[in-house]
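1. Fold the following.
(2 chains)
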Amino acid sequence: ETGVTQTPRHLVMGMTNKKSLKCEQHLGHNAMYWYKQSAKKPLELMFVYNFKEQTENNSVPSRFSPECPNSSHLFLHLHTLQPEDSALYLCASSPQSAPLLGTEAFFGQGTRLTVV
Amino acid sequence: AQKVTQAQTEISVVEKEDVTLDCVYETRDTTYYLFWYKQPPSGELVFLIRRNSFDEQNEISGRYSWNFQKSTSSFNFTITASQVVDSAVYFCALSGTSYGKLTFGQGTILTVHP
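-> Below you'll find the predicted structure:
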């Protein structure tokens, strides 16, 4: 139990659907992250929020839309996804972000997303 | 730019064997941190260790040990007397002052057979 909870754990959606992934942490952290883990690829950092403000967007397509209403919650809204977007989406948190000097990130169990 | 390379994609060993997972990194920062994470089948990444660039002392924690060598830019991880429960994907990661986010290697899939 790392203190970071993601729901749902599994999601199957059609290319025309709209869905949202949820992440919650009660560790008192101020930074939250979305990572994408595809088969045979390194973890890709998608978005970073620091004190509820988005501080990084790594050229993520607009069909992924993050939302951070407060320091404890992070959402990833999905719409008109493609099959290649199928992956494990991991949320993480840390006390604060950049420069992240030596502070480890705590990860949730991920949402396994399948786009059909 | 920073980069982490884990050249071993998959390793398969028999229980009780020792196994070393390699990690090589690149960074222009003089101050940086190195990490190892374990990802069991349940999915979450579990933090194992953090090392800063000024501390080259090797570290041992139970059956786990880490060898940090700045001269070769390597931060290798050894599991002694491996067990089936060690089966997981292991990630090496780096964060430095110029890019404060974690940069991960591709991961090494370790399978320990009974």
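
2. ok, residue A:75 - contacts?
-> Applying CB atoms under 8 Å, 6 or more residues apart in numbering or on different chains, one finds that residue A:75 lies in contact with A:20-23, A:66-69. C-beta coordinates here come from the backbone N, C-alpha and C atoms, glycine included.

3. In a strand, it, correct?
-> Yes. Counting by DSSP: H, G, I helix; E, B strand; the rest coil, residue A:75 falls inside a strand.

4. For beta bridges, what are the partners of it?
-> Under DSSP bridges, the beta-bridge partners of residue A:75 are residue A:22, residue A:67.

5. Now do it against residue A:69, distance only.
-> With distances taken as CB to CB, to the nearest Å, residue A:75 is found 8 Å from residue A:69.

6. Within range of chain A, give me the residues from chain B.
-> Within chain B, the positions lying close to chain A (CB under 8 Å from any CB of the partner chain) are B:4, B:9, B:31, B:33, B:35, B:37, B:42-47, B:50, B:52, B:91, B:95-98, B:100-102, B:104-107.

7. In strands, which of those fall?
-> Residues of these located in strands (DSSP state E): B:4, B:33, B:35, B:37, B:46-47, B:50, B:52, B:91, B:95-96, B:104.

8. and the two most separated of those residues?
-> Using CB to CB, these span at most 22.5 Å, a distance reached by B:46 and B:96.

9. Comparing these two, which shows the higher neighbour count?
-> Neighbours per residue, other CB atoms under 10 Å in any protein chain shown: of residue B:46 and residue B:96, the larger number sits with residue B:96, 23 against 15.

10. which other residues reach the lowest-mean-pLDDT helix or strand in chain A?
-> One helix or strand of chain A scores below all others by mean pLDDT, DSSP states H and E: strand A:53-57, with a mean of 84. For strand A:53-57, contacts defined as CB under 8 Å, 6+ apart pick out A:45-49, A:66, A:68, A:97-98, B:101.

11. Redo the contacts of residue A:75 as a markdown table? Include neighbour count.
-> As requested, those are exported to a markdown table (neighbours: other CB atoms under 10 Å in any protein chain shown):
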| residue | neighbour count |
| --- | --- |
| A:20 | 14 |
| A:21 | 22 |
| A:22 | 16 |
| A:23 | 27 |
| A:66 | 20 |
| A:67 | 15 |
| A:68 | 21 |
| A:69 | 9 |
